[in-house]
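In: Turn this into a model:
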Amino acid sequence: MKLSRVNNWPIRFAIGFAILVICTVVIGGCGDGGRPYHAVRGVVKFNKDDSTARFGMIEFRSESEPIVTARSTINKDGTFSLRTGDREGAVAGWHTVVIMQSVQNLHGKVKHDHGLEAASKYLDHRKTDLRVEVTEATAEEDLILKIDHLPK
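Out: Numbers count the residues shown, from 1 in each chain. Modelled structure (predicted):
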């Protein structure tokens, strides 16, 4: 018995719908896994003299889902407030933390008042020793991140 084209459309529709559902689940499964976000604010200070970092960027990368990162500029007073894309805060869970700073000195001709610079280990998520767990409690008080400075 031959199936006509008219009777064949429900099968095609069902297969197409199943493919759409599978793609939605796979694509929707990427990202934060539905975990909550919490506000993360704080200050970056140096171990050497307790002075604050005066510039740069800070990035928190989720350890369970490395594609999920939260970032902020480090302000002149050392403070930061993380955002993940267009959302305030960072996804709940453990994060590695990197600090990126770039200083160019044109043969000593330009004087900078940027204070100490972060050690190079803070440039790489694989080398950094900074780890922070983001929880509900993180939103209630400012973090104080203590870091080593770049030897001169």
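
In: Identify the residues contacting the nearest residue in space to P36 that is not next to it in sequence.
Out: Counting by Cβ to Cβ, 6 or more residues apart in numbering, A92 is the residue found nearest to P36 once chain neighbours are left out, at 5.2 Å. The way it works is simple: take the backbone N, C-alpha and C, and place the C-beta from them, glycine included. By Cβ atoms under 8 Å, 6 or more residues apart in numbering, A92 lies in contact with 35-38, 134-135.

In: Mind doing that once more with 7 Å?
Out: 35-36, 38, 134-135 (Cβ atoms under 7 Å, 6 or more residues apart in numbering).

In: any idea how far L145 is from it?
Out: 18 Å (Cβ to Cβ, to the nearest Å).

In: what do you get for R35?
Out: Noted for R35: a distance of 22 Å to L145, by Cβ to Cβ.

In: which ones are touching the residue nearest to D49 when sequence neighbours are not counted?
Out: Leaving out its chain neighbours, the residue that sits closest to D49 by Cβ to Cβ, 6+ apart is L116, at 7.7 Å. L116 makes contacts with 46, 48, 51, 149, as judged by Cβ under 7 Å, 6+ apart.

In: Could you rerun that using 8 Å?
Out: For L116, the contact set (Cβ under 8 Å, 6+ apart) comprises 46, 48-49, 51, 53, 149-150.

In: Quick one: buried ones out of these?
Out: Among the contacts of L116, those scoring as buried are 46, 53, 149 (criterion: 16 or more other Cβ atoms under 10 Å).

In: CSV for those, including secondary structure?
Out: Listed next are the buried ones among the contacts of L116 as CSV, based on DSSP: H, G, I helix; E, B strand; the rest coil:
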residue, secondary structure
F46, strand
A53, coil
H149, strand
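
In: Confidence-wise, which of these comes last?
Out: Ranked by pLDDT, the buried ones among the contacts of L116 bottom out at H149 (89).

In: Roughly how far does the nearest residue to it once chain neighbours are set aside sit from L82?
Out: Take H149 and drop its neighbours on the chain: the residue closest to it by Cβ to Cβ, 6+ apart is L116, 4.0 Å away. To L82, L116 is 22 Å away according to Cβ to Cβ.
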